[in-house]
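**Q** got a structure for you, letters missing:
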Ligand SMILES: Nc1ncnc2c1ncn2[C@@H]1O[C@H](COP(=O)(O)OP(=O)(O)OP(=O)(O)O)[C@@H](O)[C@H]1O
Ligand SMILES: [Mg+2]
């Protein structure tokens, strides 16, 4: 049976290899999704055979899956055959040649966020001097990481250079059967990040997509896999505060974290996709599956996220707490404005003994936006002595926005303890009056009050990130008063 | 400095201020007394620009400028300060950050450079000692979990930091123990100066033992019904408000406070 399958795949692959020669010159695949497209994608990336098989299996399953229909999120139907599933990195001559060619609105925002000049060019996609770009960045982080034995590269490289690690862990936390978008991602993922921290190693620096060469343009189906081996520690920062624009409306990423015995992974995200204009036009749909598995005893995974972007965000960074005494944490700030919709939350799945989890969720709604928190805390039959603490706070700015919380608790173990606190408050007229009476500008007052509201989450972020996140809220809230 | 002419104000269609006339010169301290609900806080809030109140008639000028046309923050930047009767909490925003933001907003308005965190910290520590607040309060959220008396001292601290032209103190003496009353009074006396006017709302003549006012006014049912010197406060203490022909129920409410 296995042989037959393999033979068939071999055949398929060969067939496509044939066509692939002419196709490789093309920068972009024409829109459409079928097995042929997937095979070409895999071939272009020079993937080993197991990878193609894996993708095809996911694809076939995906065809049978149904797109979810979320009660609190509305978006027009997506035509998956109208999407192109591969596009080569832009050539320098196709990029803006200097900041003069970049949307002034974007530049204004960079300035407000205090982003250094040379970084603005990179963020705006200006064709920067490639030597500057790769050499300076590479030397600052490559050496110490290599010394520590940490692998930090693109997932495409990892598939080629560390196939055993990839094969062992990819899809173990988020299987392709998990949900519609994870299935699609598994079939067509374009690129993403791979991290492996060896036994007993404390990663000597914060890892960030931002510093990874070629991190830009990883496209709409990103795949990230982080493995922390026994006793190791790693802190990973995803995204940056600069507003990201993209022609691709749909983004369906998958992030998998694996923590072995006594290992710790801290994953921080600041996400600022283009949310659409004030009428809700043109924003990004961000449907991402993020999940960490604490498979080892005493392991710990923390998710910290600050979400201000996207037209629609659907995202539940989750933890599977399998190892005894393992710990899961989720700290989240989600801000919605104008017509944005955010449906976020987390799932804490307690399977092991004495596992514990903490959820702190801060939702901020302004304008006509809607912000939903959905949390699942589940205790399996063997989760003896497990406990969870959940705190869910909503802050409303103005009276046309909404906040909803949906906490779900499922317990198959009587000894499990759950504590839940929830509050909804408004930026009150009295608070605004106090600030203004002290000479503080109304917009600055709102952002100060909102920052105060988010303090518990911000303090979990790495220092510089926290400062940036604060500024980001300020910029995102512009126009929310008056 | 401050001139109020025939000021009428209402909230949700109810007229609260029914024609206030008041002149305060630079260097003067005026005390406003009067029964509960007579409109003292309303007057203070209207002067500071609280949009919950609608000004229906009258004129208010500060050094000749029409105050009522200006937004709350602009009035503040031009020197109007209100110490609140019930200071509101802003959870998570540190007192230090709040005060520095305020001080820098004023400095910005005056074209002065901003104070950095270290400079401000030093100043704030000094001033907090002046009002007998432990510097630990600087790190706490604005008024978050402060006791009544701590909130009042925190208000005076802000007045000392912001050095306003017109300081309006709404019952800053209420709810203070004897020592705290002395501290607050010392703070207010420190504010007293040739080029500053102070308007104090109070129910107690004991404050006026520490801060001797130049004028005392009695506000009843939205109007100033009597004005006098320091001795008027003493007389009120002895005789209550009834001899001024103020409605019985007002008096009852007042003595219940
Ligand atoms: N926002 C509001 N809505 C409705 N009524 C209000 C509002 N604010 C004030 N009032 C009413 O206006 C009247 C005057 O209130 P104000 O707070 O000015 O009194 P005060 O003289 O300061 O009293 P106290 O001595 O108790 O502090 C009261 O009857 C009060 O109920
Ligand atoms: Mg009052």
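**A** Good, I have the coordinates. If you're wondering where the values come from, they're calculated on a predicted model, not measured in any experiment. Ligands and ions are numbered 1, 2, ... in the order given.
**Q** which non-adjacent residue is nearest residue B:92?
**A** residue A:452 (3.1 Å; CB to CB, 6 or more residues apart in numbering or on different chains). Any C-beta I mention is one placed from the backbone N, CA and C, and that applies to glycine too.
**Q** confirm that the one you found sits in a strand.
**A** No. Residue A:452 is assigned helix when assessed by DSSP: H, G, I helix; E, B strand; the rest coil, not a strand.
**Q** how much space separates it from ligand 1?
**A** Residue A:452 sits at a distance of 25 Å from ligand 1 (criterion: CB to the nearest ligand atom, to the nearest Å).
**Q** one more: residue A:340?
**A** Applying CB to the nearest ligand atom to residue A:340 and ligand 1 gives a distance of 33 Å.
**Q** and the pLDDT for the residue nearest to residue B:92?
**A** At residue A:452, the pLDDT value in this model is 91.
**Q** kindly provide the distance from it to ligand 2.
**A** Remark: distance between residue A:452 and ligand 2 (CB to the ion, to the nearest Å) = 27 Å.
**Q** what sits against that residue?
**A** Applying CB atoms under 8 Å, 6 or more residues apart in numbering or on different chains to residue A:452 gives the contacts B:90-94, B:141-142.
**Q** biggest separation within those residues, which pair?
**A** Using CB to CB, the contacts of residue A:452 span at most 10.5 Å, a distance reached by B:91 and B:94.
**Q** more neighbours, the two?
**A** Each of residue B:91 and residue B:94 has its neighbours counted (other CB atoms under 10 Å in any protein chain shown); residue B:94 has more, 19 against 16.
**Q** so what's the more buried one closest to, chain neighbours aside?
**A** For residue B:94, ignoring the flanking residues on the chain, the nearest one in space by CB to CB, 6+ apart is residue B:139 at 5.8 Å.
**Q** check contacts around that neighbour.
**A** With CB under 8 Å, 6+ apart, residue B:139 has these contacts: B:94-96.
**Q** ok, residue A:64 next?
**A** With CB under 8 Å, 6+ apart as the criterion, no residue contacts residue A:64.
**Q** number of residues surrounding the residue in chain B that ligand 2 sits nearest to?
**A** Going by CB to the ion, ligand 2 is nearest to residue B:41 of chain B, at 3.1 Å. Residues contacting residue B:41 under the criterion other CB under 10 Å number 20.
**Q** name the SS class of it, please.
**A** Under three-state DSSP, residue B:41 falls in the helix class.
**Q** confidence score at it?
**A** For residue B:41, the pLDDT comes out at 96.
**Q** ok, which stretches of the stretch 151-257 of chain B are helices?
**A** According to DSSP state H, counting those that start in this stretch, the stretch 151-257 of chain B carries its helices in the segments B:178-191, B:205-210, B:230-239, B:248-256.
**Q** now the first one: how far from the chain's centre is it?
**A** The chain centroid and the centroid of helix B:178-191 are separated by 14 Å, computed with CA atoms, centre = their mean, to the nearest Å.
**Q** that one packs against which elements?
**A** Judged by 3 or more CB pairs under 8 Å, 6 or more residues apart in numbering or on different chains; DSSP states H and E, helix B:178-191 is in contact with helix B:117-130, helix B:148-162, strand B:166-170, strand B:197-201, helix B:205-210.
**Q** which of the ones you listed comes out lowest on mean pLDDT?
**A** Across the helices and strands packed on helix B:178-191, helix B:205-210 gives the lowest mean pLDDT, at a mean of 85.
**Q** what does it contact?
**A** Helix B:205-210 is contacted from outside by B:31, B:173, B:181-182, B:185-186, B:188-189, B:200, B:202, B:216, B:230, B:233-234, B:236-237, using CB under 8 Å, 6+ apart.
**Q** ok so, going back, between the contacts of residue B:139, which is closest to residue A:382?
**A** Using CB to CB, the contacts of residue B:139 come closest to residue A:382 at residue B:94, 43.9 Å.
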